[in-house]
Every structure is written in structure tokens, then in C-alpha cells.
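A.B. asks: Everything below, folded, please.
(2 chains)
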Amino acid sequence: MLRFTLRSLVHLIVVLWGVVTITFLALRLSGNPLDALLSPEATEQQRAQLTEQLGLDQPIAMQYLLFLRQLGSGDLGRSIITGTRAGQLVGDQFAHSLLLTVLALAVSAVVGVGLGVLAATRRGGLIDRSVVALAALAQAAPLFWVGLILIIVFAVHLQVLPASGMGGASHLVLPVVALASGIMPYVLRLTRTTMLGVLDTEFIRFQQATGLGHRSIIYRHALKNCLPPVVTLLGLQAGPLLGGVVVIETVFGRSGVGSLLIDSIYSRDYPVVQAAVLVIVVAVVLANVLADLLVAVIDPRVRLGRTAS
Amino acid sequence: MTAPDQLGTGASGGRDPGWRRRLLPERLRHRAGLVALTSGGVLLVLVLVAVFAPVVAPHSPTGGELVDLLKPPAWMEGGSWRFPLGTDALGRDELSRLIYSARISLLVGFLAALIASAVGVPLGLVSGYLGGRVDSAIVGVVNIMMAFPFLLLALLVAAVTGPGLRNVLLILGLTGWPIYTRVIRSVVLELRERTFVTNARVLGLSHLRVMFRHVLPGVWPTFLVITSLQIGHMILAEAFLSFLGLGIQPPTPTWGGMLDDGRAHIYDQWWLTTFPGIAILITVLCVNLLSDSIRDLLAGSTRQVASTDEPDPATAPAAPATRQGDHPS
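C.D. replies: This is a model prediction of the structure:
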């Protein structure tokens, strides 16, 4: 267990370092940051001042080290617009986005696994085919468009749910459904495939032979064997999910890291952009580690510490 | 505008099994074959419509009369067949804009996937074939890149480089390659151990020659499957960027941009947000179905049912083993 944790930690640090580097390169190498940070009317003096402040007069390698040192001390810079610490700005919004993400993950897990099992147990039937078709449709629809359509149907026409903004639970329904629609099909398809495979094993045949009830076999024994790959998939879907949060928060006018990111991009507030991106990516990486741990807990066949090559 | 009907029915209709036997080669007769033909047919129509947009579109996509603004679709009250799908806030014909947008979406989807593969395939080939330190280094970079959510990375780069067609192509191409490297590498790892490769080495051929002349062809089926799937991802990503105003800029019509425009009129003019989304949905659906059925056809008919449901080519490289016999050994 200790070795597993250590390995994950090292992996985590390497990936984080890489992500930080990519962010740095993307923001620095794609042009002079001064043009992005300052208005075109900025005076020569302002330019010189900012150049020194950001260390842009240093060679790029120096800048990179400086950047890493700043990060190491937990300093993500300050917002150019408000002067607030970028880390704090992002931290304030984090809970909103986390709530949305966790709810969407839960909904897609429950609906995806449920429909997947339903389809697998009725293989080739009408239900199976409709469920598979639904997954194909959901997979092809951009999730921000799903959000817009949900607004049109439930907020504009039926007027049963609010279209946008923050508020109680009712404000969460549409964004969560829209966000879940992005990853639910993947969960569904994987569950269905895995379930079909599991149902075909000796183990399940044996159980049927012993006369256990159909339901008991499916839900108590077969489902348990489907869970590890599904949990791994859910961890891997954290990336697309958080990518989706960015646009869903914008569509539904919710506050959160995503809408903060988009707003900062529009206002060219790069320190905040950088902080938001880093926080999201760290969350994604952590989600993957968490999924790995969870799989090890569910599945006794995965022996921790033996995963090393 | 007659093209869609002719091709559409030709691909999907027909109940007589004899028809299938006479017209289609053996591989295409099964369900996967029909799905491939139908989705491929629809895509072909889309491509033709996009290429011949000036001929097909009833109006200009950018010029509109203000007297015509916000007209509903033809079948609704106040609509007219002059604008079958209505008009937007500037009086521009929605249908014509949809047609012209197909150009951008298909172009970006195809070219971005091509750029991504141009980077990703050679890296995967080298990584899997050579192994050792080169492999570890490439795999390390791929793992880091894949920890970065694709859309977020694209967004980040788009935010800095600014919008525009060329930038969108480069952004999507240069952020989309790791999936190619990862999958191609896993296929090459397997191919490397096969006799025709070891024989080629024993005959004294150089590594470079073995890699490109003998291993590369074996990667082809997998490449087809990932590329078709990536085209779908790229189309969605372009729509995402354009929707957020970071992709291709107006007045060039794009489906994502049209959705962004439509958002302002979501309370009264539902068609402005509905139709561009349906266009994306149909396109990506056909690309995905085509990808699935290509995989099934290449995998052979025996594994058909199971293989339609694999979630991702990354976890299930498309049975490249099926065609190895064809390669020189």
C-alpha cells in the first residue's frame, strides 16, 4: 500500500510538473505577453515596468525557473484587473464547480450503469437497441447544445425549471443533466460491453445452475464484476467532464472556475487563466488517482504495490 | 438539392437480401456494412453540399436584408419557403448559413485530424518499435498531455494565439496527437514481435526501412479507426471554440458560432439554437457510426456484436492482426 501510494505520488508530481510546463509554454511562447497584458495605448514606461516585474528581460529558461519558484511557494500571481490573488479567486469559485461536477458524475454513473445493465440483460431486444441508439446520439451531441435545448424545453416552454443563475436545487437540475449527457454514453457502453462479457463467464453460468434468482445473479454478482472498469472510466472522464464544466457554467450563467476561466480569457487576465487551468488539471489528475485507489478497494484482484513493472 | 434523396435512399433502402448479395461485396453485406454505407452516404452528401455550397445554398450566408430578420421556419406562422429554416437577427438565411458552415466543420475536422496524425503516428511508430529510452520519453510526454483535458488545452492555446481558421487548425492538430501515439504504439509493440518483422531484420534491412515499409502498413486499420473518431472529436472541439468566440470568427458562418448567436434569442427564436446543433449532431453521429462500422468490418464478422460496444479505440485497438498475412515477410 505504501509503495503504491508513493508511486502514485511520484507519478502525480511528474504529471503536474509537465502540466505546469505546458501551461507556461502555452502562455509565454505564443507571443509577447506584454501585447496580451497591456492595452495597445500603454506607454513605453508601463511596458518597461511590467517587463521587469514579470522578469521578461531574463532569458526564457530563467523565466521558467522563476515561475516554478513562485508556484512552489504557492503564489499563482495576482489578477491584472482586480489585484486579488489569483489563487484566492479560483479557490472561492472551486466549491461551485466541484458540486456541479460531482453531481454530474453521480448522475451519469447511476443512469449509465443502470441503462447499461438493462441493455445487456435484454441483449438484441428493442430496449437494448434503443438504449444503444440513445448512447450514440448523446455521444454525438455537443453538450453545450444539449444545455441550450434543455433551456428551451424546460425553462422557456414548460417553464418548470429556471434557465440560468445560481440558487437552490432547481437551478442545478438542467446544468447537471446537460453535463452528465456528455459522459453518460461512455459509461453506458462500457457497462453494457463488460456486462455482456461477465454474463458469459463460467462463474455466472455456475450461479444460474445453482438456482439463484435472476435478479440476485445480475445485481449481486455480475454487477460487482463490472464495476472496476467502470470506476476507472469514470476517473478518466474527469477530464472531459471538467472541460464540459467550463462551457456549461457559461451557458447556464453559473459562477464557478469554468466561467471564471472564460471571463478571464475575455478580459485577458492571464494570471487568473493560469491559476484556473492549473486547478482544473490538478483536480483531473487527482480524480484519476482516486479512481485507481477505489478500483483497488473494490477489486481484491488488483494487488496494490504489485502494479510496478 | 436533389442529391440527398438519391444517395440517401440508395444507401439505406431495399429489403430484398438478393439486392445486397448482387450489389455489395461480401464484407459489406452484414449489419456493420449497411451502417457503414448509410453513414458514409450521408457524409458524402454533406461533403458534396459543402463543396457545392454556392450552388446549393438558396441565399448568401453573409448578406441579409433587415426586413427579413428573425423569420420563423417555413412551416410556422409567419414563415415562408423563401427561408425554409427561418432567418437570424441580421435577416440572413439560416439554411444557407448551415450549408456554408458545413465547409468549415468538415475542413477543420479532416485537416486537424490529419495534422494530429502527422505528429502522432511517427512518434507512436518510433516509440513502439525502438523501445528503450526513446519510448519512455515519448510515453512520458503523452501521459502528461493526456492528463490535460483536451478542450481545456485547446481553450488555453486559443486564448493566447487568438482566433482564426489557421490557429484553430494548429491548436486542434497539435493538442490532438497523443491519442494517435498511444494507440499506434500499442499496435506496433505487438507487430514488432511478429515473424515478418523479425525476418526482415534478419535479412539485414535497416530499422528505418523495417519501420516504414513493414510495420507501418500494419498500423493502417487502426489509423483509419482513430482518424474517423478524431474527425468527430475535432468537429465538436471546433464548435466548442467557436461557440465561446475563440474559434473561427464572424462573418464566416460556423455551427458553433451560429449557436452562440442563437443563444441571445433563446426565449423567442428557438430555431436559431436548434438547427445548428442538429447539423453538428448528424455529422458527428455519422462520423462515429462510420468509425464503429469500419472497426467491425476490419475485425471480421465474428466479433461483430461485442466490438460495436467498445468505448474507445484507445482501450481497444482495432484488430490489426487480421490483415497481417498480407504483408511481405
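
A.B. asks: Tell me the secondary structure of whichever residue of the stretch 51-200 of chain B sits closest to chain A, please.
C.D. replies: Among all residues of the stretch 51-200 of chain B, B:I144 sits closest to chain A, at 3.1 Å; criterion: Cβ to the nearest Cβ. Glycine gets a C-beta too; all of them are placed from N, C-alpha and C. Classification of B:I144 using DSSP: H, G, I helix; E, B strand; the rest coil returns helix.

A.B. asks: what residues are up against it?
C.D. replies: By Cβ atoms under 8 Å, 6 or more residues apart in numbering or on different chains, the contact list for B:I144 reads A:V14, A:V15, A:G18, A:V19, A:I22.

A.B. asks: Got a ChimeraX select line for the buried ones in those residues?
C.D. replies: Burial among the contacts of B:I144 is assessed by 16 or more other Cβ atoms under 10 Å in any protein chain shown; the matching ChimeraX selection reads:
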select /A:15,18,19,22
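
A.B. asks: Going by distance to chain B, which of the contacts of B:I144 wins?
C.D. replies: Closest approach between the contacts of B:I144 and chain B, by Cβ to the nearest Cβ: A:G18, at 3.1 Å.

A.B. asks: Okay, the closest one and B:A237: tell me how far apart.
C.D. replies: Distance, A:G18 to B:A237, by Cβ to Cβ, to the nearest Å: 21 Å.

A.B. asks: Leaving out chain neighbours, which residue sits closest to residue 267?
C.D. replies: Assuming you mean chain A. Spatial nearest neighbour of A:S267, chain neighbours left out: A:I81 (5.8 Å); criterion: Cβ to Cβ, 6 or more residues apart in numbering or on different chains.

A.B. asks: meant chain B actually
C.D. replies: If the residues on either side of it in the chain are set aside, B:Y267 comes closest to A:V156, at 5.5 Å by Cβ to Cβ, 6+ apart.

A.B. asks: who's in contact with that neighbour?
C.D. replies: Residues near A:V156 by Cβ under 8 Å, 6+ apart: A:A163, B:I266, B:Y267, B:W270.

A.B. asks: so the last one touches A:V153, yeah?
C.D. replies: No. Taking Cβ atoms under 8 Å as the definition, B:W270 is not a contact partner of A:V153, at 9.1 Å.

A.B. asks: These two: which is more packed in?
C.D. replies: Of the pair B:W270 and A:V153, B:W270 is the one with more neighbours under other Cβ atoms under 10 Å in any protein chain shown, namely 21 against 14.

A.B. asks: Please list all residues in contact with that one.
C.D. replies: By Cβ under 8 Å, 6+ apart, B:W270 lies in contact with A:I152, A:V156.

A.B. asks: go on, B:E65?
C.D. replies: B:E65 touches B:G91, counting by Cβ under 8 Å, 6+ apart.

A.B. asks: and if you look at B:L43?
C.D. replies: By Cβ under 8 Å, 6+ apart, B:L43 lies in contact with B:T283, B:C286, B:V287, B:L290.

A.B. asks: Can you read off the pLDDT for the third one?
C.D. replies: The predicted local confidence for B:V287 comes out at a pLDDT of 93.

A.B. asks: what does A:T307 give?
C.D. replies: pLDDT, read off for A:T307, is 44.

A.B. asks: quick one on the thing from earlier: so which of the contacts of B:I144 also contact chain B?
C.D. replies: Among those, proximity to chain B is found for A:V14, A:V15, A:G18, A:V19, A:I22 (Cβ under 8 Å from any Cβ of the partner chain).

A.B. asks: Kindly present those as CSV, with separate columns for secondary structure.
C.D. replies: Shown next, in CSV, are the ones next to chain B among the contacts of B:I144 (three-state DSSP):
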residue, secondary structure
A:V14, helix
A:V15, helix
A:G18, helix
A:V19, helix
A:I22, helix
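
A.B. asks: quick one: buried residues of the longest helix seen in chain A?
C.D. replies: Longest helix in chain A, counting residues (DSSP state H): helix A:86-121. By 16+ other Cβ under 10 Å, the buried positions in helix A:86-121 come out as A:86-87, A:89-90, A:93-94, A:96-97, A:100-101, A:103-105, A:107-109, A:111-113, A:115-121.

A.B. asks: likewise stretch A:147-156?
C.D. replies: Of all the residues in stretch A:147-156, those buried under the rule 16+ other Cβ under 10 Å are A:G147, A:L148, A:I149, A:L150, A:I151, A:I152, A:F154, A:A155.

A.B. asks: From A:E249, how far off is the first one?
C.D. replies: Read that as A:G147. Look at A:G147 and A:E249: by Cβ to Cβ, they are 10 Å apart.
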